[in-house]
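Asker: Need coordinates for the below:
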Amino acid sequence: MKKHWKTLMLTAATAAVFSCGVSAFAVSDIHADILSGRVYTEGRRAYCWDASGKDVDYLSYNGTTYIPIRTAGEWMGKNVTWDEASKTITLSGTTTKTIHDEAGTYDPNEDDAALEAAQNGISAKLRDDITVVVDQKTQTFKNTAGETVYPINYNNTNYLPVR
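Answerer: Reported below is the predicted structural model:
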């Protein structure tokens with residue numbers, strides 16, 4: 001009887017470890033919205049640009065506003081790096097703090113798609129497998145209710161919760 005009890009406990013423990021390991025690193029499909037309101041930082045309206053100076057949208061998901069990682073780094077005056085192998089975003093060092101106070105460029109051919117996304121929302125990925133490190137400290141993001149929220153990936157851009 002003792003032998004069966006040990007086998008049962010070992011089996012249960014192993015199943016628990018494997019089920020946690022699978023769910024802890026899940027990437028989930030979500031439906032998010034393009035943020036239609038204005039965003040302000042340090043008392044002025046702020047826009048998001050990609051590396052080529054093109055406008056990038058803010059996102060809203062479950063009451064949380066998300067900004068592209070590049071924008072977060074620019075606002076904080078931090079260098080941003082991405083390590084694909086470890087799925088780690090690092091914001092570190094010091095660089096010129098940048099807040100774009102005017103709209104970037106846009107492609108008129110994308111206007112119809114942008115309008116549809118603004119009206120109907122977008123499909124994105126909730127990325128609980130990404131680690132965010134700011135100045136050598138791993139960050140955990142919380143919403144206003146104190147619940148953990150995770151980065152989002154949309155159009156090959158990773159977004160962080162603003163809070």
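
Asker: how far away is the nearest residue to residue 27 once chain neighbours are set aside from residue 151?
Answerer: Closest residue to residue 27 apart from its sequence neighbours, by Cβ to Cβ, 6 or more residues apart in numbering: residue 125 at 5.2 Å. Placement of C-beta: from N, CA and C, glycine included. As judged by Cβ to Cβ, to the nearest Å, residue 125 and residue 151 stand 9 Å apart.

Asker: Near the nearest residue to residue 42 once chain neighbours are set aside, how many other residues are there?
Answerer: Computed as Cβ to Cβ, 6+ apart, the closest residue to residue 42 that is not its neighbour in sequence is residue 99, at 6.4 Å. Neighbouring residues of residue 99 were enumerated by other Cβ atoms under 10 Å; the total is 15.

Asker: Tell me the strands beside the host helix or strand of the residue nearest to residue 27, with direction?
Answerer: Assigned by DSSP states H and E, residue 125 belongs to strand 122-127. Its sheet considered, strand 122-127 pairs with strand 27-34 (antiparallel), strand 152-154 (antiparallel) by DSSP bridges.

Asker: State the mean pLDDT of the helix or strand following that strand.
Answerer: Downstream of strand 122-127, the next assigned helix or strand under DSSP H and E is strand 131-134. Strand 131-134 shows a mean pLDDT of 95.

Asker: Thanks again, I'm all set now.
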